[in-house]
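J.: everything below, folded, please.
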Amino acid sequence: MFHSRNSVPIGGRPGAGIGLPRFRPKAWVKNAAVDGRVLRAAAWFAKARAVVLMYHSVVEDPAETANTIRISQSRASFEMQMSVLARRFHPVSMEQITEFAAAGGRLPRWPVAVTFDDGFADNYDVALPILGRYRIPATFYIMADAVETGTPPWYCRLNFAFGSTSEREWRHLENGRSFELGSADGKKAALSLAWDLGAARSGAAQEQLVRQIEESLQVAPLDARSGLMMNWEQVRALKKAGHIIGGHTLSHPNLAHVTEEEARSEIRGCKERIEEKLGEAIEHFSYPHPALNPQWTPQTLAITREAGFRSAVLTTPGAVLPGDQPLSLKRIPAVKDFDLWKWRMELAFLGGVR
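T.: Okay, here's the model as predicted:
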């Protein structure tokens, strides 16, 4: 779950705390600035920086996964973005980004790394051929349990349960609060709180929670038959094609909201599982951020370092600068709107995306 602010506070004046809307340029202004290379020219004088793009899923039609993954890109949108990325920017790997952050390693102008979280099957079926066509390297952060069993991440299961149920009410499992599911707003509020419950659990406790919610909503579980997840053979094929495989925990909790022991098990466990399956060291990690804030702490960063990871990426928006902590690198979510995507990409190299 990602949070955004639509206004900024007015400080030091009467009415402080009232929000002023952020400046939102019209599409023609954005296109003129981007296509006319106004932002590109300005970025020549800005501090060197790199961009890490964050994707999850690429499908023919996002309506197909509106009730499960919910954050899918269309094939056409993704291909258009990769085409522009290949022409206007310089695709680089997360290995290069890590060296750039840690030691000021040299990168070409306008460096961009492509990353995917979770391990959805469409990464192999749909995204891989497009990446190959444009010769773009990517990093795929794998949720090990989901790939191992084929069962989709718990947040997809909750999306499916609340989206499919015919029940008219849901009662919160901890505080007993009742939610009307007959309205879109009621269902959205219930799902949001269910995400919070799941994000603060891992492993068996998380599985038990999801099963309780599925049963209370009278919905058959979304399982391996959905075909949403890659298998290990497909993950190996990504590696063979020259892409980087990284870790994304075992069961996708918010690591800042579970115990230290659980966080250590999730971080170390996914690394060991993937290394066992692929037969090579896994050095790059992605922090899950299904719900709740923050998504990492100094403690989780220390565990990630102890486990042997050299880099870790967040969902916090922004560019990567030389000297940034390699175990807490910012990323930019790849929005679906193409004009907005171009605008945000160019703006990122000016330090304007946050």
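J.: for the lengthiest helix in the chain, packing partners?
T.: Ranked by residue count under DSSP state H, the longest helix found in the chain is helix 260-278. Contact here means 3 or more C-beta pairs under 8 Å, 6 or more residues apart in numbering; DSSP states H and E; on that basis helix 260-278 packs against helix 144-149, helix 203-216, helix 232-240, strand 244-247, helix 298-307. In short, each C-beta sits where N, CA and C put it, glycine included.
J.: only the buried residues of it, if you could.
T.: Buried residues in helix 260-278, defined by neighbour count with 16 or more other C-beta atoms under 10 Å: 262-275, 277-278.
J.: quick one: mean pLDDT over it.
T.: Helix 260-278 comes out with an average pLDDT of 98.
J.: same thing with stretch 238-255?
T.: Taken as a whole, stretch 238-255 carries a mean pLDDT of 98.
J.: contacting residues for the closest residue to residue 268 other than its chain neighbours?
T.: Spatial nearest neighbour of residue 268, excluding adjacent residues (C-beta to C-beta, 6 or more residues apart in numbering): residue 307 at 4.8 Å. Counting by C-beta atoms under 8 Å, 6 or more residues apart in numbering, residue 307 touches 264, 267, 268, 271.
J.: residue 337: which of those residues is nearest?
T.: residue 267 (34.2 Å; C-beta to C-beta).
J.: hang on, that closest one packs against residue 300?
T.: Yes. Between residue 267 and residue 300 there is a contact at 7.4 Å, judged by C-beta atoms under 8 Å.
J.: now list whatever residues contact both of the two.
T.: Counting by C-beta under 8 Å, 6+ apart, the shared contacts of residue 267 and residue 300 are residue 255.
J.: before we move on, the earlier item: out of the helices and strands packed on helix 260-278, which is closest to residue 224?
T.: helix 144-149 (6.3 Å).
J.: next, the buried residues of that closest one.
T.: Result for helix 144-149 [16+ other C-beta under 10 Å]: buried residues 144, 145, 146, 147, 148.
J.: would you map the strands across the protein?
T.: 7-9, 19-21, 51-55, 57-59, 72-74, 90-91, 111-118, 138-142, 169-171, 178-180, 244-247, 284-286, 311-317, 329-333 (DSSP state E).
J.: ok, which of these comes nearest residue 103?
T.: Here strand 311-317 is closest among the strands of the chain (C-beta to C-beta), at 12.2 Å.
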